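**Q** Prediction below, plus the sequence it came from.
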Amino acid sequence: MRPVYREEPCKTALNRVEGMPFRWSLNPYMGCAHRCTFCYVRSFEARAERPSGAAYGASIRVKTNVAQVLAAELSRPGWRRELVAVGTATDPYQPAEGRYRLTRACLAVLARARTPASLVTRSPMVVRDIDVLQELDRAAGVSVAFSIPTLDERLWKATEPDTPPPTQRLRALERLRAAGLDAGVALAPLLPGLSDAPSSIASVLRAAKEAGASFVWASPLRLPPGTRPYFLSQLAGEWPALASIYEHRYRGANLPRAQAEAIVRRAAALAAEFGLSCDRPSRARPEAVQLPLWEG
């Protein structure tokens, strides 16, 4: 399915976030052409009465002025140079970035404002911006996490239908690490009974270690309302025996706490065996907050 791109200016660039390890997020695009079956953004789309099922990702909003709006927001006297998470509601390096380059423009703005950032992506396109990422890293700090929950080809194709292969993401990770950047792997989301087995997690961690990952972190699947119906329908088509199990285990958006924590502990223990740090990185440089907001 080829998406339709809607070029629409935005009034704000930064979004205040609650209940996460960061307070600010930035999404140059809304809607995502990767169309992952488990994407939690489907729940937001459902609440807004926009397509959240098979038609999700058919329409992408392109915030044409997002870099200019971001620059204005970061120049305000009250801005404290807190970490900005880029790509929380949509992949910042989905195919639209190849044409519009809004993520690149925003990274350059963050660098000039000496504001640290973190990115999560499923795309190797990020290597095209190694130069501006290095600039941002020198100015304030940046980390890039490649979402790679599985190396199993069937599982990848079934749940991430329009994403680049995990092997391409690993090669991109290797290139970022060779360029001196902080880059690692997010085992997210881990799917119970599909990608949370020790052997499955270990295969990803082994590949991450070989690619030079500086960190890994893990997170189990969430199924908020709006995401749940579509994911379960796709699951029933591919792995019918698991459908009823998921319906039972996911009475709400999350697994029972003990089960979710067990998955994260399993990933952390395996990461330790590979000599990998299992935690979300914080890349803000202490000296960055003591410099003027802008030069020149």
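**A** Ah, there it is.

**Q** Is the residue nearest to G53 when sequence neighbours are not counted part of a helix or strand, or is it coil?
**A** Leaving aside its sequence neighbours, G53 sits nearest to Y230 (CB to CB, 6 or more residues apart in numbering; 4.8 Å). Bear in mind the C-beta positions are built from the backbone N, C-alpha and C, glycine included. Of the three states, Y230 takes helix under DSSP: H, G, I helix; E, B strand; the rest coil.

**Q** Give me the pLDDT for Y230.
**A** According to the prediction, Y230 has pLDDT 92.

**Q** Likewise for C32?
**A** 91.

**Q** If we ignore the residues flanking it in sequence, what's nearest it?
**A** T90 (4.3 Å).

**Q** what about the one you found, which SS state?
**A** Assignment for T90 (three-state DSSP): coil.

**Q** dump the residue contacts of it.
**A** 27, 29-32, 41 (CB atoms under 8 Å, 6 or more residues apart in numbering).

**Q** What is the most widely separated pair among those residues?
**A** By the measure CB to CB, Y29 and V41 form the most distant pair in those, at 11.2 Å.

**Q** Let me see the ranges of the helices in the stretch 1-150 of the chain.
**A** 41-47, 66-74, 96-100, 102-112, 130-139 (DSSP state H, counting those that start in this stretch).

**Q** Could you export those as TSV, including mean pLDDT and distance to P198?
**A** Listed next are the helices of the stretch 1-150 of the chain as TSV, based on pLDDT from 0 to 100; distance: least, CB to CB, whole Å:
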stretch	mean pLDDT	distance to P198
helix 41-47	74	29
helix 66-74	98	42
helix 96-100	97	35
helix 102-112	98	35
helix 130-139	98	33
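
**Q** Of these, which stretch is the most buried?
**A** Most buried of the helices of the stretch 1-150 of the chain, by mean neighbour count (mean count of other CB atoms under 10 Å): helix 102-112, with a mean of 23.

**Q** what about S118, neighbour count?
**A** S118 has 24 neighbouring residues, counting by other CB atoms under 10 Å.

**Q** make that R16, sorry
**A** R16: 8 neighbours (other CB under 10 Å).

**Q** Same question for T163.
**A** 22.

**Q** Likewise for R6?
**A** For R6, the count of nearby residues is 13 (other CB under 10 Å).

**Q** I'd like the distance from it to S59, if you could.
**A** 6 Å (CB to CB, to the nearest Å).

**Q** lowest-pLDDT helix or strand in the chain?
**A** helix 41-47 (a mean of 74; mean pLDDT, DSSP states H and E).

**Q** Run through who's touching that one.
**A** 31-32, 51-53, 56, 89-90, 224-228, 230.

**Q** ok, the residue nearest to G53 to G57 distance?
**A** 11 Å.

**Q** who's more crowded, the two?
**A** Using other CB under 10 Å as the criterion, Y230 and G57 rank with G57 on top: 23 against 20.

**Q** quick one, phi psi at A208?
**A** Backbone torsions of A208, given as degrees, to the nearest 10, read phi -60, psi -40.

**Q** if I read this right, it contacts C278, doesn't it?
**A** No: with contact defined as CB atoms under 8 Å, A208 does not reach C278; the gap is 10.7 Å.

**Q** Give me the common contacts of the two.
**A** What both A208 and C278 touch, as defined by CB under 8 Å, 6+ apart, is the set V216.

**Q** Looking at the two now, which is surrounded by more residues?
**A** A208 (25 against 20).

**Q** what pLDDT does that one get?
**A** A208 is given a pLDDT of 98.

**Q** and it, how far is that from V4?
**A** For A208 relative to V4 (CB to CB), the value is 36 Å.

**Q** Ignoring the adjacent residues along the chain, who's closest to the most centrally placed residue in the chain?
**A** Against the mean C-alpha coordinate of the chain, by CA atoms, centre = their mean, the closest residue is V120 at 3.0 Å. Distances taken as CB to CB, 6+ apart put A145 closest to V120, at 4.7 Å, once the chain neighbours are dropped.
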